[in-house]
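Peer 1: okay, structure incoming, though there's no sequence with it:
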Ligand SMILES: [Zn+2]
Ligand SMILES: [Zn+2]
Ligand SMILES: [Zn+2]
């Protein structure tokens with residue numbers, strides 16, 4: 001989200017006001033021709049960022065592939081048919097008319113659009129976990145690095161190479177004059193302790209897979225207990241019937 005309300009250079013009114021422009025974007029996965037609504041300040045308006053763990057898992061998988069190819073582009077929303085990210089190339093020309101006077105904000109996708117790659121998030125709760133997962137953009141100038149999106153290998157911020165020596169994936173890209181990469185941030189509580197990490201996308205996917213299974217089992221723990229309790233009761237009843245049956249059979253055999 002832009003911190004300052006961007007204003008039109010021609011009429012000085014806020015660019016973020018309705019109505020938004022319908023930006024044509026084709027889904028790379030299923031081919032759906034979508035029209036994403038984007039305000040003239042570059043903010044896409046349609047994405048609900050509260051994802052389920054499995055939806056975020058798919059989103060992270062798309063980000064891994066996009067990052068490894070070195071062209072993540074600008075995500076502007078999620079496909080309504082298949083859930084995949086709808087992506088505009090960073091270099092594509094974009095024109096967003098001012099909602100008040102029609103004077104267009106013109107530039108490349110990277111300059112004009114507010115990237116949504118990092119907007120979706122999910123929460124994993126239960127089994128001693130209370131964690132939030134989301135993608136993060138890491139800038140090399142911060143000194144941090146998340147690691148290779150595909151193999152998780154180290155990607156030092158100061159490394160002059162932008163290719164992973166292990167698997168050949170792209171590790172850093174240039175955007176708007178900044179050297180960047182995508183990683184996964186996990187924030188919250190794990191086993192009663194604060195847990196805050198930045199990991200590579202592939203590690204983030206594997207942690208989310210494990211944690212969401214643990215969360216689900218932890219949450220349904222009480223119902224599993226009662227199911228086990230019921231199982232025990234049934235087993236005891238069966239044994240009682242069996243013993244009773246043997247006793248009756250023995251009794252009648254003697255008579
Ligand atoms: Zn699609
Ligand atoms: Zn204007
Ligand atoms: Zn790698």
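Peer 2: Received it, and whenever you're ready, just let me know what you need. Given the structure is predicted, the values throughout are model-derived calculations rather than measurements. Residues are numbered from 1 along each chain as shown. Ligands and ions are numbered 1, 2, ... in the order given.
Peer 1: run through the residues that contact the spatially most central residue of the chain.
Peer 2: Nearest to the mean C-alpha position of the chain, by Cα atoms, centre = their mean, lies residue 56 at 3.5 Å. Listed by Cβ atoms under 8 Å, 6 or more residues apart in numbering, the contact partners of residue 56 are 120, 121, 122, 133, 134, 208. (Glycine included, C-beta is placed from N, CA and C.)
Peer 1: try residue 62
Peer 2: Contacts of residue 62 by Cβ under 8 Å, 6+ apart are 29, 84, 85.
Peer 1: which pLDDT does the model give it?
Peer 2: According to the prediction, residue 62 has pLDDT 98.
Peer 1: ok so it is a helix residue?
Peer 2: Yes: counting by DSSP: H, G, I helix; E, B strand; the rest coil, residue 62 is located in a helix.
Peer 1: for the closest residue to ligand 2 within the stretch 151-255 of the chain, which non-adjacent residue is spatially closest?
Peer 2: Here the stretch 151-255 of the chain gets closest to ligand 2 at one residue, residue 176, 23.7 Å apart by Cβ to the ion. Leaving aside its chain neighbours, residue 176 sits nearest to residue 110 (5.7 Å; criterion: Cβ to Cβ, 6 or more residues apart in numbering).
Peer 1: got the phi/psi numbers for that neighbour?
Peer 2: Phi and psi for residue 110, reported as degrees, to the nearest 10, are phi -70, psi -30.
Peer 1: from ligand 3, how far out is it?
Peer 2: The gap separating residue 110 from ligand 3 is 24 Å, by Cβ to the ion, to the nearest Å.
Peer 1: that residue touches residue 75, doesn't it?
Peer 2: No: Residue 110 lies out of contact with residue 75 (Cβ atoms under 8 Å); the separation is 11.8 Å.
Peer 1: got any ranges where the protein has weak pLDDT?
Peer 2: 1-3, 220-255 (pLDDT under 70).
Peer 1: strands of that one, start to end?
Peer 2: 21-26, 33-38, 74-78, 85-88, 93-97, 104-108, 121-126, 129-139, 173-175, 178-190, 193-199 (DSSP state E).
Peer 1: can you tell which of the ones you listed is closest to residue 66?
Peer 2: Nearest to residue 66, of all these, is strand 85-88, at 7.0 Å by Cβ to Cβ.
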